[in-house]
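Undergrad: Here's my sequence, what's the structure:
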Amino acid sequence: MEKIKLSNGKCTAEIQLQGAQITSFHGPDGREVIWQADPSVWASHAPVLFPICGSVADGVIRIEGKPYTMPKHGFSRKPEYEVLKQGDDFVELALYPSEETRAMYPFDFVFHVTYTLLENGYVTAFTVENNSDRVMPFCVGGHPAFIVPMEEGARFTDYQLVFPQVEEGKNLLAPGGYLISGFEYMDCFHNSDTLPLSHKLFDEHDALIFADLKSRSVKLVNRNSGKGLLFEFPKLEVLAVWTMPGKHAPYVCLEPWHGMPATVEESGDFENKPFATLLEPGRSWQASFTTTLID
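TA: Predicted structure coming up:
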């Protein structure tokens with residue numbers, strides 16, 4: 001698969017044109033940050049999600065009252081993207097409609113994904129354009145997987161998520177990663193700013209889905225050394241946290257979403273989905289998230 005290599009003298013990255021995934025990121029210390037997609041566990045690195053985040057009921061979404069088949073997380077993970085702009089330390093990729101996408105999503109869109117290296121991290125930016133003659137509903141999100149543990153000799157359970165604000169710890173329940181069917185206040189995260197990580201947490205819950213966070217950033221850090229990364233998602237309202245249940249895999253996904261899986265009570269109409277944007281003809285929408293290493 002064709003990849004774009006980026007470098008700014010301190011950091012390097014590789015971006016795969018298929019799916020516009022970042023497949024590698026090395027910071028100034030030289031360590032790999034991105035999960036390397038072991039196919040026996042989870043064969044992805046960092047998918048980008050469009051025009052849906054999560055699952056829709058029975059794999060079908062209604063647009064303007066008409067049903068369309070829509071896969072989990074949309075259709076943006078498999079196509080080849082075009083390179084629009086490229087420099088030593090950035091690349092802007094774009095996905096355009098095809099016969100396949102129009103069968104699922106009948107709009108003239110352009111979905112841009114831009115990666116830009118920083119001194120000690122990188123930015124993932126999304127731009128959605130509506131070139132149709134009618135309102136276009138959409139959701140968008142990221143699904144990056146970060147290697148955990150990040151330090152030699154450390155354990156998965158040494159790591160925790162630390163938020164800048166005290167949170168209620170309200171987790172939306174989506175059994176088997178499917179539809180949201182309720183919620184719980186997590187004992188380990190209720191009225192706290194810290195969520196300790198363990199494989200048992202994901203074995204019991206699958207994805208954790210937080211749609212009511214006050215915080216718009218989180219640190220994934222080793223509680224002993226303080227090393228890890230800062231993850232900022234200022235315009236993306238939902239944060240999912242996930243690793244493959246039952247695998248005890250050495251990675252954690254931090255997934256910032258402008259959208260979320262369908263609930264069992266949903267009408268199935270895209271226009272009424274929580275967090276969906278109804279983009280007017282000729283308009284565009286932008287958001288980004290930033291990953292910064294903490295040494």
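Undergrad: pLDDT weak spots in the stretch 151-295 of the chain?
TA: Within the stretch 151-295 of the chain, no range satisfies pLDDT under 70.
Undergrad: Show the contacting residues for the closest residue in space to residue 257 that isn't next to it in sequence.
TA: The shortest distance from residue 257 to any non-neighbouring residue, by CB to CB, 6 or more residues apart in numbering, is to residue 141 (3.6 Å). For the C-beta atoms, the positions are set from N, CA and C on the backbone; glycine is no exception. By CB atoms under 8 Å, 6 or more residues apart in numbering, the contact set of residue 141 is 48-50, 53, 73, 236, 238, 255-259.
Undergrad: Just the buried ones out of those, please.
TA: 48-50, 53, 73, 236, 238, 255-259 (16 or more other CB atoms under 10 Å).
Undergrad: Would you mind giving those residues as JSON lines with secondary structure added?
TA: Shown next, in JSON lines, are the buried ones among the contacts of residue 141 (DSSP: H, G, I helix; E, B strand; the rest coil):
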{"residue": "48", "secondary structure": "strand"}
{"residue": "49", "secondary structure": "strand"}
{"residue": "50", "secondary structure": "strand"}
{"residue": "53", "secondary structure": "coil"}
{"residue": "73", "secondary structure": "coil"}
{"residue": "236", "secondary structure": "coil"}
{"residue": "238", "secondary structure": "strand"}
{"residue": "255", "secondary structure": "strand"}
{"residue": "256", "secondary structure": "strand"}
{"residue": "257", "secondary structure": "strand"}
{"residue": "258", "secondary structure": "strand"}
{"residue": "259", "secondary structure": "coil"}
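Undergrad: ok, so of those residues, who is nearest residue 230?
TA: residue 256 (13.1 Å; CB to CB).
Undergrad: so that closest one makes contact with residue 234?
TA: No: Residue 256 lies out of contact with residue 234 (CB atoms under 8 Å); the separation is 9.3 Å.
Undergrad: what touches both of these two?
TA: Contacts common to residue 256 and residue 234, judged by CB under 8 Å, 6+ apart, are residue 289.
Undergrad: Do a quick rundown of the strands in the stretch 51-200 of the chain.
TA: Assigned by DSSP state E, counting those that start in this stretch, the strands in the stretch 51-200 of the chain fall at 60-63, 66-69, 82-87, 90-95, 109-117, 121-130, 136-138, 140-142, 145-147, 159-167, 170-172, 183-185, 192-196.
Undergrad: among the ones you listed, which is the most enclosed?
TA: strand 140-142 (a mean of 29; mean count of other CB atoms under 10 Å).
Undergrad: Just checking: what are the partner strands of it?
TA: strand 48-49 (antiparallel), strand 251-258 (antiparallel) (DSSP bridges).
Undergrad: Ok, which of the strands of the stretch 51-200 of the chain comes nearest residue 207?
TA: strand 170-172 (8.9 Å).
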